[in-house]
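Student: I'd like to go over a predicted model; first the sequence, then the structure.
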Amino acid sequence: AVGGTVADLKPVSLAEPLLLKAVRGDDVDRPPVWLMRQAGRYMKSYQMICEKHPSFRERSENVDLVVEISLQPWKVFKPDGVILFSDILTPLSGMNIPFDIVKGKGPVIFDPLRTDADVDKVREFDPRESVPYVGEALTILRKEVNNEAAVLGFVGAPFTLASYVVEGGSSKHFSKIKRLAFSQPKVLHALLQKFTTSMAKYIQYQADNGAQAVQIFDSWATELSPVDFEEFSLPYLKQIVYTVKQTHPDLPLILYASGSGGLLERLPLTGVDVVSLDWTVDMAEGRRRLGSNVAVQGNIDPGVLFGSKEFITGRINDTVRKAGRGKHILNLGHGIVVGTPEENVAHFFEVAKGIRY
Ligand code: CP3
């Protein structure tokens with residue numbers, strides 16, 4: 001048994017995915033579990049699709065492939081959340097920002113944005129027109145998964161998206177976006193506002209088409225010092241949450257910011273329902289620092305899945321115990337790593353789904 005009740009536990013209602021109940025604070029008998037990046041390169045079945053369809057954009061923009069890839073981990077591991085196979089950059093072409101995801105190199109933005117004029121050319125996103133395959137795929141996933149798990153959508157947070165389009169791709173020092181932030185903040189704010197409006201619309205679109213919860217990835221916000229987070233990320237996250245809650249008050253929103261240990265107390269200020277912790281934070285301490293209003297997700301080191309089965313079991317039990325009963329989604333602290341043995345992933349899910357508080 002696990003101690004430490006964190007919220008008033010309400011009676012269980014059936015016919016609803018465990019993940020949604022847990023987020024709301026219902027009295028669930030185990031934490032729901034899924035893995036960030038659970039569809040992808042560590043799976044042989046995904047690698048086989050990559051051989052036939054070498055373009056990431058094709059794999060992530062063709063309805064049949066998106067559905068097939070999203071369902072691959074579902075069929076094998078039966079996680080409690082089935083995340084759409086897509087990318088945080090997928091909306092960019094619909095915003096007039098051409099990009100590709102290149103094998104071995106990662107995201108590439110062909111014409112990085114640096115000036116006022118560049119930002120002016122960014123179009124506001126119309127999901128129905130630009131990414132109809134996302135809505136279609138979510139609708140099919142909802143039918144296939146049939147409330148046995150929650151179908152999860154996701155978007156990139158404004159600062160993280162801005163960092164890609166200003167840097168031109170992945171970055172080590174974030175010098176270009178920081179140059180913009182600290183020498184022409186107005187230009188960056190204009191760009192962040194466009195992403196904010198667009199991503200709020202995109203979340204609403206995903207929910208209208210079948211997503212039962214949506215995760216916001218602010219993967220690079222933690223490159224910012226706390227004062228800069230308060231200027232360049234927090235207000236936009238708040239605005240997204242506020243806008244979405246106007247139309248979808250019951251849609252759970254999950255916020256993930258890797259390396260966010262220094263920002264934890266600020267993250268619930270966004271208004272999200274769940275904060276996803278990375279593994280550099282102790283789960284029990286993270287829980288205390290976040291307060292009891294938000295649920296927590298996480299936070300096992302993805303590297304643990306390279307350990308022995310006994311080791312993996314130990315870390316699952318440790319994390320669940322530290323998180324306490326209820327309002328916890330068991331997950332990794334970041335995406336699953338390429339090369340992770342599939343049998344260890346199977347073991348992870350078996351142990352996780354066998355837990356009883
Ligand atoms: O969780 C899931 O299974 C859904 C799929 C998903 C992808 N990207 C597929 C993908 C999700 C949730 C993302 C989000 C994403 N994309 C983030 C936020 C999460 C995080 O890791 O912090 C970020 C920063 C990106 C941008 C991006 N896309 C990067 C850095 C890369 C890796 C480049 C590389 O070659 O390693 C991508 C490509 C990408 N997106 C892959 C996958 C499975 C790998 C390329 C491939 O499979 O061909």
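Tutor: Sure thing, it's come through. Numbering: from 1, shown residues only.
Student: what about the residue nearest the centre of the chain, which SS state?
Tutor: Most central in the chain under CA atoms, centre = their mean is residue 215, positioned 4.0 Å from the mean C-alpha point. Recorded secondary structure, residue 215: strand (DSSP: H, G, I helix; E, B strand; the rest coil).
Student: Please report how far it lies from residue 297.
Tutor: Relative to residue 297, residue 215 is positioned 8 Å away (CB to CB, to the nearest Å). Heads up, the C-betas are built off the backbone N, CA and C, glycines and all.
Student: show me what contacts residue 197?
Tutor: Counting by CB atoms under 8 Å, 6 or more residues apart in numbering, residue 197 touches residue 124.
Student: With only the CA atoms kept, save the helix or strand it falls within in PDB.
Tutor: In this structure, residue 197 sits in helix 185-208 according to DSSP states H and E. Extracted C-alpha coordinates of helix 185-208, given in PDB (Å, rounded to 0.1, in the frame of the first residue of the first chain):
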ATOM      1  CA  PRO A 185      12.100  41.500 -27.400                       C
ATOM      2  CA  LYS A 186       9.200  43.000 -29.300                       C
ATOM      3  CA  VAL A 187       9.900  40.900 -32.300                       C
ATOM      4  CA  LEU A 188      10.000  37.800 -30.200                       C
ATOM      5  CA  HIS A 189       6.900  38.700 -28.400                       C
ATOM      6  CA  ALA A 190       5.100  39.100 -31.700                       C
ATOM      7  CA  LEU A 191       6.200  35.700 -32.800                       C
ATOM      8  CA  LEU A 192       5.200  34.100 -29.400                       C
ATOM      9  CA  GLN A 193       1.800  35.700 -29.600                       C
ATOM     10  CA  LYS A 194       1.200  34.100 -33.000                       C
ATOM     11  CA  PHE A 195       2.200  30.700 -31.700                       C
ATOM     12  CA  THR A 196       0.000  31.200 -28.700                       C
ATOM     13  CA  THR A 197      -3.100  32.000 -30.700                       C
ATOM     14  CA  SER A 198      -2.400  29.200 -33.100                       C
ATOM     15  CA  MET A 199      -1.600  26.500 -30.500                       C
ATOM     16  CA  ALA A 200      -4.700  27.400 -28.500                       C
ATOM     17  CA  LYS A 201      -6.800  26.800 -31.600                       C
ATOM     18  CA  TYR A 202      -4.800  23.700 -32.400                       C
ATOM     19  CA  ILE A 203      -5.600  22.200 -28.900                       C
ATOM     20  CA  GLN A 204      -9.300  23.000 -29.400                       C
ATOM     21  CA  TYR A 205      -9.200  21.400 -32.800                       C
ATOM     22  CA  GLN A 206      -7.600  18.200 -31.400                       C
ATOM     23  CA  ALA A 207     -10.100  18.000 -28.600                       C
ATOM     24  CA  ASP A 208     -13.000  18.500 -31.000                       C
END
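Student: Just the buried residues of that helix, please?
Tutor: Neighbour-count burial for helix 185-208, with 16 or more other CB atoms under 10 Å as criterion, is recorded at 187-189, 191-192, 194-208.
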